[in-house]
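In: sequence first, predicted coordinates after that:
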Amino acid sequence: MKDQELLERITVNPKVMVGKPVIKGTRLTVEYILNLLAHGATVTEIITEYKGLTPEDIQACILFATKSLEDTTFMPLAGEKA
């Protein structure tokens, strides 16, 4: 699936979840899905728990986060070396 097709699965609406990016047709935020993955949930576990989600929805969350970080510059924290 092409990037644009995946990204079309994510929507931002100020009236839904305070404007956070969500999977279209749900109230599941990209942040929430990424947090589940970061804490060890598998794609299979997530789509089993949230009926109607697809593996492509999870892929879309990861791609959205990746694209969101492309132009971000990170500065070292105080006391860290660059």
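Out: Thanks, I have the structure now.
In: do you know how far T73 is from K81?
Out: The gap separating T73 from K81 is 17 Å, by Cβ to Cβ, to the nearest Å. All C-beta spots, glycine's among them, are computed from the backbone N, C-alpha and C.
In: what does the helix or strand encompassing C61 rub up against?
Out: Assignment of secondary structure by DSSP states H and E places C61 within helix 55-69. Among residues not part of helix 55-69, those counted as contacts by Cβ atoms under 8 Å, 6 or more residues apart in numbering are 1, 3, 6-7, 9-10, 21, 23, 30, 33-34, 37, 43, 46-47.
In: so which of those belong to helices?
Out: Cross-referencing these with the helices (criterion: DSSP state H) gives D3, L6, L7, V30, I33, L34, L37, V43, I46, I47 as the overlap.
In: and those residues, which of them are buried?
Out: L6, V30, I33, L37, V43, I46, I47 (16 or more other Cβ atoms under 10 Å).
In: now the residues you listed in TSV, with pLDDT and distance to K15?
Out: Written out in TSV, the entries for those read as follows (pLDDT from 0 to 100; distance: Cβ to Cβ, whole Å):
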residue	pLDDT	distance to K15
L6	97	23
V30	98	17
I33	98	20
L37	98	27
V43	98	29
I46	98	25
I47	97	26
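In: out of these, who's nearest M17?
Out: Taking Cβ to Cβ as the measure, M17 lies nearest V30 of these, at 9.9 Å.
In: might you report the residue contacts of that closest one?
Out: When contacts are taken as Cβ under 8 Å, 6+ apart, V30 is in contact with I10, K20, P21, V22, I23, C61, F64, A65.
In: which ones are touching the closest residue to the fourth one other than its chain neighbours?
Out: Of all residues not flanking V22 in the chain, T29 sits nearest, at 5.2 Å (Cβ to Cβ, 6 or more residues apart in numbering). With contact taken as Cβ under 8 Å, 6+ apart, T29 is in contact with M17, K20, P21, V22.
In: by neighbour count, which of the residues you listed wins?
Out: Taking other Cβ atoms under 10 Å as the neighbour criterion, V22 ranks highest of the contacts of T29 with 22 neighbours.
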